[in-house]
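Engineer: test case, fold it:
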Amino acid sequence: MSEHHTRAALFRSLHIPGTPLVLVNAWDAASARIVAAAGVRAVATTSAGVAWSLGAADGDVLGRDAAVDLIGRITASVSVPVTADIESGYGATPVEVGVTTRAVLDAGAVGVNIEDSHRAAGPPLRDVPDQCARIAAVRGAADAAGLPLFVNARIDTFLTGAGDVDETVARATAYLAAGADGIFVPGVVAPETISALVEAVPAPLNVLAGPGAPTVGELARLGVARVSLGSSVAEAAYAVARRAANEALGAGTYGALADALDYGTLNSLMG
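Structural biologist: Reported below is the predicted structural model:
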């Protein structure tokens, strides 16, 4: 069995309702090694953090080549499985999404997130048949390559205010039929809503967590299989840079740097 197959099988096995896989999303090799050293069982990228670190805005602005290059750097930097956030697929058509998928597989990722937000003018979410075609292209590219891939279909009904539980479940059902393995619903924090989704979606449910969300333990009791911190870790890191700049240029002090990881620790992680 190849290393890819081994990592892919491990990653798939970590999606257990009630014992959620906790993903502290990374955006570069250093952040990936930091969270891996903390003991995460897999590393997930955050498309927003990746885009920001490369000088682009989130939301289908970053080009495929730059995104895939960064994914490759992250997979090469850690020994645990890596799943990549590929936004809506870095391609206008299903064929182009398939090209992205093959490139991400070649970069070493064993999972992808693909979202149904529509960044172009028009409705906030893609039509279900359109998104199903894109998910099928992801699955088809992986099958053609003979490489296992965990496809996590992100449904942005709650994040955009474009739907409710019924709409989310309808989309989840269609996406699973198109080839998805798991369902990611960011924007839900109410326990009763999460419980309803766990009950109605016949696949591992992934939720986005952060301040104001239920704890990991509470999400486990609700039956969640995967918990992501998303872009919030990168946002917090960049907030330190802003506080340090404001403080140094204002009061002339350095308190924002008090809890920094020391040079030796960081350097040894990258050695």
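Engineer: strands of the stretch 51-200 of the chain, start to end?
Structural biologist: 82-85, 111-115, 150-154, 182-185 (DSSP state E, counting those that start in this stretch).
Engineer: what sits closest to the spatially most central residue of the chain if chain neighbours are left out?
Structural biologist: With distances taken as C-alpha atoms, centre = their mean, Asp85 lies nearest the centre of the chain, 4.4 Å away. Leaving aside its sequence neighbours, Asp85 sits nearest to Ser47 (C-beta to C-beta, 6 or more residues apart in numbering; 4.0 Å). C-beta here means a position set from N, CA and C on the backbone, and glycine is covered the same way.
Engineer: give me the pLDDT value at that neighbour.
Structural biologist: Reported pLDDT at Ser47 in the predicted model: 97.
Engineer: can you count the residues close to it?
Structural biologist: 25 (other C-beta atoms under 10 Å).
Engineer: and what of the one 3 residues further on?
Structural biologist: Residue neighbour count, defined by other C-beta under 10 Å, stands at 26 for Val50.
Engineer: kindly report the same for Arg102.
Structural biologist: Arg102 has 16 nearby residues by other C-beta under 10 Å.
Engineer: in terms of contact, does it touch Ala145 like I think?
Structural biologist: Yes. Using C-beta atoms under 8 Å, Arg102 is in contact with Ala145, at 5.9 Å.
Engineer: still on that earlier bit, the residue nearest to Asp85 and Ser268, how far apart?
Structural biologist: 29 Å (C-beta to C-beta, to the nearest Å).
Engineer: hmm, the residue nearest to the centre of the chain is touching Ala51, no?
Structural biologist: No. Here Asp85 lies out of contact with Ala51, judged by C-beta under 8 Å, at a distance of 9.9 Å.
Engineer: for the nearest residue to Arg64 once chain neighbours are set aside, grab phi and psi.
Structural biologist: Among residues not flanking Arg64 along the chain, Tyr90 sits closest, at 4.0 Å (C-beta to C-beta, 6+ apart). Dihedral pair for Tyr90: phi 50, psi 50, per degrees, to the nearest 10.
Engineer: for Ala37, what are phi and psi?
Structural biologist: According to degrees, to the nearest 10, Ala37 has phi -70, psi -30.
Engineer: hmm, it is touching Leu269, no?
Structural biologist: Yes. Look at Ala37 against Leu269 with C-beta under 8 Å: they come within range, at 6.0 Å.
Engineer: higher neighbour count, the two?
Structural biologist: Leu269 (16 against 12).
Engineer: and the closest residue to the more buried one other than its chain neighbours, how far from Thr265?
Structural biologist: Excluding the flanking residues, the one nearest Leu269 by C-beta to C-beta, 6+ apart is Arg33, at 4.6 Å. Between Arg33 and Thr265 the computed distance is 11 Å (C-beta to C-beta).
Engineer: for Ala241, same thing?
Structural biologist: With C-beta to C-beta as the criterion, Ala241 and Thr265 are 19 Å apart.
Engineer: looking at Arg33 and Thr265, which is more packed in?
Structural biologist: Set Arg33 next to Thr265 and count neighbours by other C-beta under 10 Å: Arg33 wins out with 20 against 11.
Engineer: OK, contacts around that one?
Structural biologist: Residues near Arg33 by C-beta atoms under 8 Å, 6 or more residues apart in numbering: 77-78, 269-270.
Engineer: now it. Its backbone dihedrals?
Structural biologist: phi -70, psi -30.
Engineer: in the stretch 151-271 of the chain, mark out all the helices, start to finish.
Structural biologist: Here the stretch 151-271 of the chain has its helices, by DSSP state H, counting those that start in this stretch, at 157-160, 165-178, 191-200, 216-222, 232-249, 263-269.
Engineer: much appreciated, bye for now.
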